[in-house]
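A.B. asks: my questions are about this predicted structure, shown below with the sequence.
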Amino acid sequence: LLFLSCIFQMDTTQESYLDLFPLDAIVYLTPDSENVLEDIDPNKVYILGGLVDESIHKKLTLRRAQEQSLQTARLPIHEYMVKNINTKNYHSETLAINQVFDVLSTYYDTRSWPAALKAGVSSGKGYVLRDAVK
């Protein structure tokens, strides 16, 4: 398990995050959440789901969070990015853990979602910033 606190202290443990933190302090990041992450709260612990939800296990991380009565959020990809026409016609909002970390750390430093998403969402995902499309 990899968990991240707002000051970006990273740690690994065999213990469950449910045993380590109060439920109301945990935000499970999942691309299927209806809740948009608008800001990073230094009093919250953000769980970065380590499963790929876009194929066989669609919505697995969302279901897991709901079963554990956890708050969920997703990165604001829809709010700041649009699908780009590409030769593969491939579009994915599911990011690897390192990409989510890059987005969060850039946002924490800049307080700019466009800058953060540009840093973390590779062009191969099929999305570009809204301002880049004219």
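C.D. replies: Received the coordinates, thanks. It should be emphasised that the depicted structure is a prediction, and the values quoted were computed from it without experimental measurement.
A.B. asks: use CA for all of it now, contacts and neighbours both
C.D. replies: OK.
A.B. asks: name the helix or strand of this structure that has the lowest mean pLDDT.
C.D. replies: strand 2-5 (a mean of 47; mean pLDDT, DSSP states H and E).
A.B. asks: so what's residue 76 closest to, chain neighbours aside?
C.D. replies: Excluding the flanking residues, the one nearest residue 76 by CA to CA, 6 or more residues apart in numbering is residue 36, at 5.7 Å.
A.B. asks: how many neighbours does that neighbour have?
C.D. replies: Residue 36: 16 surrounding residues under other CA atoms under 10 Å.
A.B. asks: now the longest helix along the chain: buried residues?
C.D. replies: When the chain is parsed with DSSP state H, its longest helix is helix 97-110. By neighbour count on 16 or more other CA atoms under 10 Å, the buried set for helix 97-110 is 99-108.
A.B. asks: could you do stretch 125-134 as well?
C.D. replies: Buried residues in stretch 125-134, defined by neighbour count with 16+ other CA under 10 Å: 125-129.
A.B. asks: ranges for the helices of this protein?
C.D. replies: Remark: helices assigned in the chain by DSSP H are 17-20, 60-67, 77-80, 97-110, 113-120.
A.B. asks: ok, back up a step: which one among the buried residues of helix 97-110 gets closest to residue 82?
C.D. replies: Closest to residue 82 out of the buried residues of helix 97-110 is residue 103 (16.6 Å), distances taken as CA to CA.
A.B. asks: you'd agree that closest one is up against residue 112?
C.D. replies: No: using CA atoms under 8 Å, residue 103 makes no contact with residue 112, being 9.9 Å away.
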